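Q: Let me see the structure of the following:
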Amino acid sequence: MITLRKAKDRFHTRIDWLDSWHTFSFGDHYDPGHMGFRVLRVINDDTVQPGQGFGSHPHKDMEIVSYVLSGGLSHKDSTGGGGVIRPGDVQRMSAGTGVVHSEFNASGTEPVHFLQIWIIPEKKGIAPGYEQKTLVRPGQTGKLQLIASRDGREGSVTIHQDASVHAAVLEKGQRVSFQPGAGRHVWVQVARGSTELNGQKLAAGDGAAASGERSLELAGTEPAEVLLFDLP
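A: Here you go, the predicted model:
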């Protein structure tokens, strides 16, 4: 079964420096029917204006993955982790027992557009940690690239949960397929462009929950960038 969550149905926060679309309940936006999917708790689609950002604030017991679509995101945290994340980069911060961090647009002239993803860890109280890698190379299209996993396989960043995150850049007409394991569930999020998921049309900002599907096929109906979450 595939259940769609259309872009227009997401929660929306708009202030002078931030335009944020929340796939699931977040902050002041609360809906008990949309508290996440399985261990996937948050997908925030954020655009931050030049020189602006999120000041230092704390988190606990969450795996936070940042994926930049355009521009640069400057990160600092209390573990000593930090750097500028750009398209193709994947950053993982394990909040664990507690971490304080900040994210700012690294540019004074151009906005930054990124997805912030929260995954519930398999246990509480782990040691905080930080990791950043370049995983999606320019011109790399038509394949599912593993970007986060519990065991760090294929060079992915490591998360403390039996989940994996894949990214795909698709040109028009390109197709990729994924076969979930027994008892697994999948969330698909279209970051930009448009695709079809098993024949159902998805546009930028749309998401889809898939359970009980033997095979999933993504087809680019125009150039698109998609994240696929394989979840327990």
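Q: Sort out which residues of stretch 113-125 are buried, please.
A: Neighbour-count burial for stretch 113-125 flags H113, F114, L115, Q116, I117, W118, I119, I120, P121 (criterion: 16 or more other Cβ atoms under 10 Å). The C-beta positions use only the backbone N, C-alpha and C, and glycine is treated the same way.
Q: Would you mind putting the residues you listed into CSV with distance to L40 alongside?
A: Output for the buried residues of stretch 113-125, formatted as CSV (distance: Cβ to Cβ, whole Å):
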residue, distance to L40
H113, 20
F114, 17
L115, 12
Q116, 12
I117, 7
W118, 8
I119, 6
I120, 8
P121, 12
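Q: so can I have CSV of those residues showing distance to V100, secondary structure and pLDDT?
A: Listed next are the buried residues of stretch 113-125 as CSV, based on distance: Cβ to Cβ, whole Å; DSSP: H, G, I helix; E, B strand; the rest coil; pLDDT from 0 to 100:
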residue, distance to V100, secondary structure, pLDDT
H113, 24, strand, 98
F114, 20, strand, 97
L115, 22, strand, 98
Q116, 16, strand, 97
I117, 19, strand, 98
W118, 16, strand, 98
I119, 20, strand, 98
I120, 20, coil, 98
P121, 18, coil, 98
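Q: end-to-end on stretch 42-54?
A: End-to-end distance for stretch 42-54, by Cα to Cα, to the nearest Å: 16 Å.
Q: Return the set of buried residues in it.
A: Applying a neighbour-count criterion of 16+ other Cβ under 10 Å, one finds V42, I43, N44, D45, D46, T47, V48, Q49, P50, Q52, G53, F54 buried in stretch 42-54.
Q: pLDDT of it, averaged?
A: Model confidence over stretch 42-54, given as mean pLDDT, is 97.
Q: Can you give the contact residues for that stretch?
A: With contacts defined as Cβ atoms under 8 Å, 6 or more residues apart in numbering, stretch 42-54 is touched by 10, 16-24, 26, 36, 73-74, 102-105, 107-118, 189, 191, 205, 207.
Q: and it, how far out from the chain's middle?
A: The chain centre lies 13 Å from the centre of stretch 42-54; the measure is Cα atoms, centre = their mean, to the nearest Å.
Q: ok, back up a step: need the buried ones from the contacts of stretch 42-54 selected in PyMOL.
A: Those of these that count as buried under 16+ other Cβ under 10 Å are selected in PyMOL with:
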select buried, resi 10+19+20+21+22+23+24+26+36+73+74+103+104+105+107+111+112+113+114+115+116+117+118+189+191+205+207
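Q: Give me the subset of the contacts of stretch 42-54 lying in strands.
A: Members of the contacts of stretch 42-54 lying in strands (criterion: DSSP state E): 18-22, 73-74, 102-105, 112-118, 189, 191, 207.
Q: out of the buried residues of stretch 113-125, who's nearest A163?
A: I119 (5.9 Å; Cβ to Cβ).
Q: re earlier: between the buried residues of stretch 42-54, which is nearest S211?
A: Comparing the buried residues of stretch 42-54 against S211 with Cβ to Cβ places I43 closest, at 17.6 Å.
Q: Tell me what the closest one is bridged to.
A: Assessed by DSSP bridges, I43 has beta-bridge partners I117.
Q: how near is it to L216?
A: According to Cβ to Cβ, to the nearest Å, I43 stands 18 Å off from L216.
Q: Check P128 too.
A: Counting by Cβ to Cβ - P128 and L216 are separated by 34 Å.
Q: next one: D162
A: Noted for D162: a distance of 19 Å to L216, by Cβ to Cβ.
Q: Settle it for me: which of the two has more neighbours?
A: Using other Cβ atoms under 10 Å as the criterion, D162 and L216 rank with L216 on top: 18 against 14.
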